[in-house]
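Undergrad: one predicted model, sequence on top.
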Amino acid sequence: MIYQGRKRYPVNEICLHTAAVPTGWSAKRTVEQARDEIRDWHIDRGWRDIGYHYIIGSRGGLAHGRPNTQIGAGVRGHNKGVIHVCMPNKVAHHGVKDFDTYFTTEQRESLVSLIQTLQLATDITKISGHNEYAAKECPGFYVQQDEELQSLLGNLSRYS
């Protein structure tokens, strides 16, 4: 089981985010460069580190951000027991659409793999989007309406 913070909050949710960057931004960077730039944005805002635990680049690469055992900073008031995953978008945001509008097939494949891997170490009972907790477009689609991602919840037990 993964626990976060000194009070050891058990991780049971994965919350998805986007960086809401201009079209082409993520294609011009490695996932490590994207992570480092996002970390700089967060530190410039006065945070102590990047708010996300993982970044998934447009080519499907995965970069670690904040350690899983630390409470993230992805959603004001909703961070304890949550792993935050950011996927920089492939095209600029223009409203809430669907996963494929803003993200690549490689990002979906990497996200599914990450969810399956995290399930081996914790009890994920919810996959959410930032827009469920705040009046934001982030991550650019409604996670609860994405059948493939939600079907993972019912299938996760087979990986443990």
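TA: All right, it came through fine.
Undergrad: list the buried residues for the host helix or strand of Ser113?
TA: Taking DSSP states H and E as the criterion, Ser113 maps to helix 105-119. Within helix 105-119, the residues that count as buried by 16 or more other Cβ atoms under 10 Å are Gln107, Arg108, Ser110, Leu111, Leu114, Ile115, Gln116, Leu118, Gln119. (Each C-beta comes from the backbone N, C-alpha and C, glycine too.)
Undergrad: next one: stretch 33-47
TA: Ala34, Arg35, Glu37, Ile38, Arg39, His42.
Undergrad: please name every helix or strand in contact with the helix or strand encompassing the second one.
TA: When elements are assigned from DSSP H and E, Arg35 belongs to helix 31-44. Contacting helix 31-44 under the criterion 3 or more Cβ pairs under 8 Å, 6 or more residues apart in numbering; DSSP states H and E are the following elements: strand 54-56, strand 62-64.
Undergrad: and the spatially most central residue of the chain, helix, strand or coil?
TA: Central residue of the chain (Cα atoms, centre = their mean): Val85, 1.5 Å from the mean position. State at Val85, reduced to three classes by DSSP: H, G, I helix; E, B strand; the rest coil: strand.
Undergrad: pretty sure it contacts Leu16?
TA: Yes: in this structure Val85 lies within contact range of Leu16 using Cβ atoms under 8 Å: 5.5 Å.
Undergrad: between those two, what contacts are shared?
TA: Common contacts of Val85 and Leu16, defined by Cβ atoms under 8 Å, 6 or more residues apart in numbering, comprise Leu111.
Undergrad: what ranges does the chain have for its strands?
TA: Listed in chain order, the strands found in the chain under DSSP state E are 3-4, 9-10, 13-17, 54-56, 62-64, 82-86, 126-129.
Undergrad: relative to Phe99, which of the ones you listed is closest?
TA: Nearest to Phe99, of all these, is strand 13-17, at 9.3 Å by Cβ to Cβ.
Undergrad: which elements pack onto that closest one?
TA: Judged by 3+ Cβ pairs under 8 Å, 6+ apart, strand 13-17 is in contact with strand 82-86, helix 105-119, strand 126-129.
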